[in-house]
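Novice: Everything below, folded, please.
(2 chains)
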There are 2 protein chains.
Amino acid sequence: MTQLPPFLEEPDDTQQAIMKATYVALCEHGYSDLTIQRIGDEFSKSKSLLYHHYDSKDDLLLDFLEFMLAEFESEIPAEDEERYDEHIDDICSGDFEFGGPEANLDFTKALVELRAQAAHDDAFREYFERTDRSIKAYLEETIRTGIDRGVFRAVDPEATAALLMIVTTGTMFQRATGSDAVVEGAGAAFEQYVQTHLLNADFSPSD
Amino acid sequence: MTQLPPFLEEPDDTQQAIMKATYVALCEHGYSDLTIQRIGDEFSKSKSLLYHHYDSKDDLLLDFLEFMLAEFESEIPAEDEERYDEHIDDICSGDFEFGGPEANLDFTKALVELRAQAAHDDAFREYFERTDRSIKAYLEETIRTGIDRGVFRAVDPEATAALLMIVTTGTMFQRATGSDAVVEGAGAAFEQYVQTHLLNADFSPSD
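Specialist: Predicted coordinates for the structure are as follows:
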């Protein structure tokens, strides 16, 4: 059984059912061996619906990526400041989605393959540049909030957010394609960086 | 004209000529659109030689990757300690191959696509795990040498080498597939990390 993210467990409508089938098929086959047929095999409704809606595998996958981005963006706290604390905690504990050991490795591998398409495909490139901007803005705001609350030192939010992104992307790529020893060693070194560079040693939660 | 690494500029024999043609064709077409035919187009000798030697595009590309790894390993200083200083300087200045702005972006893109194959192809996976071990051992030795000479602080060589690798891999992946603003910001933050975490502030070259 594929380990599903909670928002895909119980699809409410046909679009969500297609997204769930795509997630499962991506985890099972990866990008290169994926076909609309194989996504259809995970879909309880008529397969012809898929062929009717999508011109190609990439067309469907780009729609899937938009769905994932919308889900990510719906999780970003707006005025609800309390939820920022969870996100600050995630940074403090090094618990970043997809890069971390809790993430579904099959999905991390598929995501790495999808992102690699951006090297030579403009539609994927446009998508990942837009996703990067969205994640960067969210991380910057999280870091600013952490600085305001005294949890973080007065670091440069833009540069620090960018480094968190590079480390997360690098960790995803490494987990999906290379030696695990590198992932473990880097995790330890980065945790030390967060402790000594980012966390405010003088902070106490009662401040 | 493709920007070539110096060791490919003047091929000495047929194998090197094939490797040069592969490099040029990879830069021009990327991985997905590459064919043996297109590599043959960059090769001045008989194309049938390529078909005779290689069963498939991946077969040729794995041979190309072995050639690149052998070239990398031939650059690692053994007893010639002076050459370590250059490599220590590279770390101090953040000048890592392929991740840096000096690298050939077309080749970085192709290398990202090749590495992404490791997510679902055992031959590529075995290659990149072996490459990672080789690079990690070399970086650890460079960091140990830097510590011995007093240039670096007494950091953990394994964890620090692993973090350098994750940042380099992440930067390559980001440059090839996403927003440049992330690469620039992360570069600035990582330079600060190197300054404050790795470099020994008390070191003076006359020590």
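Novice: Is residue A:77 within a helix or a strand, and which one?
Specialist: Secondary structure here is read from DSSP states H and E; on that basis residue A:77 sits in neither a helix nor a strand.
Novice: what about it, how many neighbours?
Specialist: 16 (other C-beta atoms under 10 Å in any protein chain shown). C-beta coordinates here come from the backbone N, C-alpha and C atoms, glycine included.
Novice: Surely it and residue A:84 touch.
Specialist: Yes: applying C-beta atoms under 8 Å, one finds residue A:77 in contact with residue A:84, separated by 5.4 Å.
Novice: Identify the spatial nearest neighbour of residue A:110, chain neighbours not counted.
Specialist: residue A:26 (4.0 Å; C-beta to C-beta, 6 or more residues apart in numbering or on different chains).
Novice: count of neighbours near that neighbour?
Specialist: When neighbours are counted by other C-beta under 10 Å, residue A:26 registers 24.
Novice: pLDDT wise, what is it at?
Specialist: For residue A:26, the pLDDT comes out at 96.
Novice: ok, it to residue A:7 distance?
Specialist: Going from residue A:26 to residue A:7 by C-beta to C-beta, to the nearest Å gives 16 Å.
Novice: go on, residue A:50?
Specialist: Distance from residue A:50 to residue A:7, counting by C-beta to C-beta: 21 Å.
Novice: still on that earlier bit, kindly format the C-alpha coordinates of the strand or helix carrying the residue nearest to residue A:110 as CSV.
Specialist: In the assignment (DSSP H and E), residue A:26 maps to helix A:14-29. Listed next in CSV are the C-alpha coordinates belonging to helix A:14-29 (Å, rounded to 0.1, in the frame of the first residue of the first chain):
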residue,chain,number,x,y,z
THR,A,14,-13.5,13.1,-9.5
GLN,A,15,-10.6,15.6,-9.7
GLN,A,16,-9.3,14.5,-6.3
ALA,A,17,-9.8,10.8,-7.3
ILE,A,18,-7.6,11.4,-10.4
MET,A,19,-5.0,13.1,-8.2
LYS,A,20,-4.9,10.2,-5.8
ALA,A,21,-4.6,7.7,-8.7
THR,A,22,-1.7,9.8,-10.1
TYR,A,23,0.1,9.9,-6.7
VAL,A,24,-0.2,6.2,-6.3
ALA,A,25,0.9,5.4,-9.9
LEU,A,26,3.9,7.8,-9.6
CYS,A,27,5.0,6.1,-6.4
GLU,A,28,4.7,2.7,-8.1
HIS,A,29,6.2,3.4,-11.5
